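Asks: Using only what follows, build the 3D model:
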Amino acid sequence: MVKFNSMVIENKKHLNIQVYGRVQRVGFRFNTKWKADKLGLVGFVKNEPDGSVHIEIEGPKEILEEFVVWSRKGAMFSKVKRIEKERSKLKNFKRFKIVY
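Replies: Numbers count the residues shown, from 1 in each chain. Below is the predicted model:
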């Protein structure tokens with residue numbers, strides 16, 4: 001059971017999302033953090049050596065789906081070609097951060 005925005009949520013999930021396309025050097029990580037914070041989600045985002053961006057994110061299932069929809073488009077100057085997502089075991093992150 002998780003307390004989220006003054007209500008109790010029991011459906012907290014963890015997603016690993018890999019985002020491919022023009023997603024580095026376009027503000028993608030900064031905008032990902034902004035969106036996650038706005039939605040009350042926790043986890044992290046980081047650039048990968050292959051040019052993709054990796055996101056691990058946790059929160060209520062319905063809010064995660066909203067985030068996934070956003071991640072298919074991403075930041076204003078990004079050009080997302082595809083995303084891959086998979087559910088994983090909860091890690092109980094405390095906040096959302098950018099990993100460098």
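Asks: ok, which stretches of this protein are strands?
Replies: For the chain, strands defined by DSSP state E occupy the ranges 2-4, 7-9, 12-22, 42-47, 53-60, 79-88, 96-99.
Asks: Just the mean pLDDT for the first one, thanks.
Replies: Averaged over strand 2-4, pLDDT sits at 50.
Asks: same question, the second one
Replies: Throughout strand 7-9, pLDDT has a mean value of 49.
Asks: ok, back up a step: let me know which of the strands of the chain is tucked in deepest.
Replies: strand 53-60 (a mean of 22; mean count of other CB atoms under 10 Å). (C-beta placed from N, C-alpha, C; glycine too.)
Asks: And that one, how far out from the chain middle?
Replies: 4 Å (CA atoms, centre = their mean, to the nearest Å).
Asks: just to revisit the earlier point, mind checking the strands of the chain for the one nearest to residue 36?
Replies: strand 96-99 (4.1 Å; CB to CB).
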